[in-house]
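**Student:** Mind looking at a prediction? Sequence and model below.
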Amino acid sequence: MYPSKIIIQAGRLFRLKFIDDKGNLNKLIFPVIIVISSYPASLNSNDPFEVEIEIKGARKGTNYIKLEIYKDGTNSSFGETFNNKDWYNGSDPFSYPSVNIDSPNTSTRIKGRLGENFPESGIYKLSVKRFTSSGLLAKDTQSPVDIKIEYKSDTPTPSPSPSVSQSPPITTIPITPEASKKRSPTKILSASASPQQTTPPPLTKQTLVNSEKSFPLVPAIIFATGLFLIGFGIFLLYNRLNAQENS
C-alpha cells in the first residue's frame, strides 16, 4: 500500500472518531466537566432546595438537567427535579429543566427535593445528569458531593389515649312473689343522713339522787294525794246528799 493511501485512511478514521458532521471536535478529546458549586450540606425535610452547577466544555445548544441522590455503592437513586411547572423524576429527558449552553462555561441553578421514595436518613451522594438536545445521556466528568439527610416526618405521633375505667355491669335478679314473702325488706340507712344513735347511760343511785334534787318528788306526791282525798270526800258527800233528797 502506498503511503498516500495510508494517510488518507488514517484521516478518515480520525474524522469518524473525533469530528462530528458539523466539523466540531468530538467530546472524547475535550470531555465536558460538571461542577456542583453550591448545594445544601444537609436536608431535614421534603422542602425544595437549590443547587448551582457549572457546565464546562459542552457544545452550544439546549441541554436538560436532572438531579439525582443515591447511596454510595448502590445503583438506585431518588429525588425530584423542578422543571418550572412540576416536580419530575421520570424517563423522559425533555421533561427536565432546560439550560441554554451559549458559552464554554455555563452556570445554572436547579431546584430539587427528596420526594417520597427515599430509603432512610444518612449520608448520600448528589450528582447531575445532563441530556443533550437530542435527548441522549451525556457521559460527563463530575465529582458527586456528599449530602446529609436528617429527614423527620411532619406527621405527629399519636399519643395513647387515657384508658377509661368501666364499672362492672349491674346484674338484675328477678324477685318472685314467693321470694318476696320469705325475704324481709332491707332498710338502707345512709351514714350521712341518719343521726348517730347514742346509748343512754345506766341508772345509778347517784343518778336518782341527782334527779330528786333537780325535781321535788316527795312534795308532789303529797300534793297529789291530798287532791285525791279532797275529791273523793266531795264525791261521797255528793252521793249522801243525793240519797237524802231521793228518800
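**Tutor:** In hand now; what should we look at? Residues are numbered from 1 along each chain as shown.
**Student:** Could you say which helix or strand holds the nearest residue to T108 once chain neighbours are set aside?
**Tutor:** Setting aside the residues directly before and after it, T108 is nearest to V99 in space (C-beta to C-beta, 6 or more residues apart in numbering), at 4.5 Å. C-betas here are computed from N, CA, C, even on glycine. Per DSSP states H and E, V99 falls inside strand 98-101.
**Student:** So which elements touch that strand?
**Tutor:** Strand 98-101 is packed against strand 61-70, strand 105-113, with contacts defined by 3 or more C-beta pairs under 8 Å, 6 or more residues apart in numbering; DSSP states H and E.
**Student:** closest one to G231 among those strands?
**Tutor:** Comparing the helices and strands packed on strand 98-101 against G231 with C-beta to C-beta, the closest turns out to be strand 105-113 (122.1 Å).
**Student:** residues of the closest one that come out buried?
**Tutor:** For strand 105-113, the neighbour count (16 or more other C-beta atoms under 10 Å) marks 106, 108, 110-113 as buried.
**Student:** pLDDT wise, what is the nearest residue to I69 once chain neighbours are set aside at?
**Tutor:** With sequence-adjacent residues excluded and distances taken as C-beta to C-beta, 6+ apart, I69 is closest to G79, at 4.1 Å. In this prediction, G79 carries a pLDDT score of 94.
**Student:** Over to A41?
**Tutor:** Value for A41, per-residue pLDDT: 91.
**Student:** Check P219 too.
**Tutor:** 75.
**Student:** where's it relative to I230, distance?
**Tutor:** In this view, P219 and I230 are 16 Å apart by C-beta to C-beta, to the nearest Å.
**Student:** returning to what we had before: what does the strand holding V99 contact?
**Tutor:** 55, 58-65, 106, 108 (C-beta atoms under 8 Å, 6 or more residues apart in numbering).
**Student:** from these, which would you call buried?
**Tutor:** The neighbour-count test (16+ other C-beta under 10 Å) marks 55, 58-59, 63-65, 106, 108 as buried among the contacts of strand 98-101.
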